[in-house]
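Q: I need the structure of the sequence given here:
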Amino acid sequence: MSWVSVVLVAIAALAALGVLGSKALPERKGPPVETVAVEKTVLRPGEIALTVRNTGPDPVTVAQVFVNDAYVDLRGGEAPITRMDTVTLTLRYPWVEGQPYKVSMLTSTGLVIEHDVEVAVETPRPGTDFFGLMLLLGTYVGVIPVLLGMLFLPSVRRLGATALRALLALTVGLLVFLAVDGTKEGLELASASGGAFGGVELVILGAAVSYLALTALDRYLRARREHSAEQGGSGLRLATMIAGGIGLHNLGEGLAIGSAYAVGELALGAFLVIGFALHNTTEGIAVVAPLVKARPGIPVLLGLGLLAGAPAILGAVLGASVNSAELSALLLGVGVGAIVQVVVQIAPSLRPEGSDRLDVPAIIGVIAGIALMYSTGLLVAA
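A: Below is the predicted model of the structure:
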């Protein structure tokens with residue numbers, strides 16, 4: 001029997017078990033299990049719209065809603081919300097900008113489900129000006145800083161072997177910090193999500209899939225280039241992998257920026273833009289570090305810069321328009337997996353030739369990279 005037949009038999013058996021087995025089980029007794037997650041909050045003048053999803057096993061009917069203990073008129077939710085379905089509850093309430101509010105949803109069984117609006121700000125309406133602002137913001141914090149960092153390539157080419165390994169170690173330090181930062185942000189978003197499609201699992205899934213996919217791609221490219229110019233081809237390949245990993249991280253960074261702007265939690269000041277610019281300029285240095293012995297043309301360098309920085313634009317647009325914690329957590333996990341794969345690629349180059357241990361310059365470089373990203377990260381306050 002082939003493996004295809006085995007898979008088909010297993011699928012058929014599991015399907016039959018799911019359909020027939022459930023009918024043989026006794027009915028569950030006890031009170032209904034009601035769980036509702038608020039996936040999106042939209043504030044318009046005089047009203048609050050909540051998109052809620054039933055993440056529990058039993059239907060939920062929202063009977064009444066209170067805002068700060070005051071009963072409010074409710075539209076939507078008249079019918080029971082079945083498992084995994086969503087409904088939009090529109091509340092008529094004269095909210096005041098800048099004030100916090102507690103929304104309490106009373107179900108038909110008497111259960112109270114609460115949701116906090118930390119700062120009431122009118123939700124931006126998507127339009128030409130809105131997406132133009134996201135495009136500009138993504139360019140400011142993603143594309144321009146990375147390209148500025150890549151201008152250090154001529155200086156990098158004048159480094160000796162030891163200094164080059166120290167620079168690659170600096171790159172590893174930068175990437176390790178980005179991986180830890182992305183993991184932290186992903187876990188925070190996962191905990192804030194309703195959990196209907198998973199929380200922490202989405203971060204782990206995204207990281208695992210991206211790591212394995214990029215590993216397979218790297219092995220394919222390495223096999224194809226075995227007979228090409230070894231150093232130049234290898235350097236450009238590694239630079240491309242670094243740019244791709246940083247790009248996926250910047251996608252997650254853009255998601256965070258766009259999501260914060262959509263709910264009015266982002267101060268679009270000059271200090272914030274400068275902070276992000278300094279923070280991301282170091283990423284451009286990481287991209288050009290493997291190109292010391294390669295001679296790529298300006299179009300190739302621009303392509304690498306866009307690969308690393310442009311995803312911030314896409315992330316800002318997605319974060320501001322979709323505003324999905326689950327999607328953001330998944331994409332941040334993808335970025336973490338990509339960065340870890342790149343670190344694995346670079347790590348062997350940190351050891352001196354003929355040695356299986358890191359020397360002092362490499363260790364100092366890794367520590368300096370982490371410290372540099374930490375210090376520039378202090379300038380970013382959203």
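Q: Going by C-alpha atoms from here, please, whenever you check contacts or count neighbours.
A: Will do.
Q: Compute the number of surrounding residues for Ala338.
A: 30 (other Cα atoms under 10 Å).
Q: Is it in contact with Gly245, as I believe?
A: Yes: counting by Cα atoms under 8 Å, Ala338 touches Gly245, with 4.8 Å between them.
Q: Quote the end-to-end distance of stretch 40-54.
A: This stretch, stretch 40-54, spans 13 Å end to end (Cα to Cα, to the nearest Å).
Q: actually stretch 80-95, not the one I typed
A: 27 Å.
Q: What residues sit buried inside it?
A: 80-84, 86-93, 95 (16 or more other Cα atoms under 10 Å).
Q: What about those, which are in strands?
A: Judged by DSSP state E, the buried residues of stretch 80-95 include Thr86, Val87, Thr88, Leu89, Thr90, Leu91, Arg92 as members of strands.
Q: ok, then the element right after the helix or strand of the chain with the lowest mean pLDDT?
A: Across the helices and strands of the chain, mean pLDDT, DSSP states H and E gives its lowest value to helix 270-288, namely a mean of 67. On the C-terminal side of helix 270-288, the nearest following helix or strand under DSSP states H and E is helix 298-309.
Q: Enumerate the positions of the next helix or strand after that next one that are buried.
A: Proceeding N to C from helix 298-309, the next assigned helix or strand is helix 311-321, under DSSP H and E. The neighbour-count check on helix 311-321 (16+ other Cα under 10 Å) flags Pro311, Ala312, Ile313, Leu314, Gly315, Ala316, Val317, Leu318, Gly319, Ala320, Ser321 as buried.
Q: Where does the prediction get shaky in the stretch 51-200 of the chain?
A: 126, 192-198 (pLDDT under 70).
Q: Do a quick rundown of the helices in it.
A: 128-138, 144-150, 153-157, 161-192, 200-224 (DSSP state H, counting those that start in this stretch).
Q: Nearest to Glu34 among those helices would be which one?
A: helix 161-192 (18.4 Å; Cα to Cα).
Q: Which positions within that closest one qualify as buried?
A: For helix 161-192, a neighbour-count test (16+ other Cα under 10 Å) marks 164-179, 181-183, 185-187, 189-192 as buried.
Q: Stretch 44-64 too?
A: 44, 47-50, 52-56, 58-64.
Q: Narrow those residues to those in strands?
A: Using DSSP E, the members of the buried residues of stretch 44-64 that fall within strands are Arg44, Glu47, Ile48, Ala49, Leu50, Val52, Arg53, Asn54, Val62, Ala63, Gln64.
Q: Now the fourth one. Nearest residue, chain neighbours left out?
A: Looking back up the chat, that one is Ala49. Thr90 (4.3 Å; Cα to Cα, 6 or more residues apart in numbering).
Q: need the contact list for that neighbour.
A: Residues in contact with Thr90, defined by Cα atoms under 8 Å, 6 or more residues apart in numbering, are Glu47, Ile48, Ala49, Leu50, Leu74, Arg75, Gly76.
Q: As JSON lines, the ones in strands among the buried residues of stretch 44-64 with distance to Tyr101 would be great.
A: Listed next are these as JSON lines, based on distance: Cα to Cα, whole Å:
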{"residue": "Arg44", "distance to Tyr101": "14"}
{"residue": "Glu47", "distance to Tyr101": "12"}
{"residue": "Ile48", "distance to Tyr101": "11"}
{"residue": "Ala49", "distance to Tyr101": "13"}
{"residue": "Leu50", "distance to Tyr101": "13"}
{"residue": "Val52", "distance to Tyr101": "17"}
{"residue": "Arg53", "distance to Tyr101": "20"}
{"residue": "Asn54", "distance to Tyr101": "22"}
{"residue": "Val62", "distance to Tyr101": "19"}
{"residue": "Ala63", "distance to Tyr101": "19"}
{"residue": "Gln64", "distance to Tyr101": "16"}
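Q: Quick check: the farthest pair among those?
A: Between any two of these (Cα to Cα), the greatest distance is 24.0 Å, for Arg44 and Asn54.
Q: Am I right that Leu358 is in a helix?
A: No: if the criterion is DSSP: H, G, I helix; E, B strand; the rest coil, then Leu358 is coil and not within a helix.
Q: pLDDT value on it, please?
A: As predicted, Leu358 sits at a pLDDT of 80.
Q: what residues are up against the residue lying closest to it once chain neighbours are set aside?
A: Spatial nearest neighbour of Leu358, excluding adjacent residues (Cα to Cα, 6+ apart): Arg351 at 4.9 Å. Neighbour list for Arg351: Arg165, Arg357, Leu358, Asp359, Ala362 [criterion: Cα under 8 Å, 6+ apart].
Q: can you rerun that using 10 Å?
A: Residues near Arg351 by Cα atoms under 10 Å, 6 or more residues apart in numbering: Thr162, Arg165, Ala166, Ala169, Arg357, Leu358, Asp359, Pro361, Ala362, Ile363.
Q: Let me know the closest of these to Lys293.
A: Arg165 (13.1 Å).
Q: Please tell me I have it right and the closest one contacts Ser349.
A: Yes: under the criterion of Cα atoms under 10 Å, Arg165 makes contact with Ser349 at 7.0 Å.
Q: Find the residues that touch each one of these two.
A: Residues touching both Arg165 and Ser349 (Cα under 10 Å, 6+ apart) are Pro290, Leu358, Ala362.
Q: how much space is there between the first one and Ala239?
A: When distances are taken as Cα to Cα, Pro290 and Ala239 turn out to be 6 Å apart.
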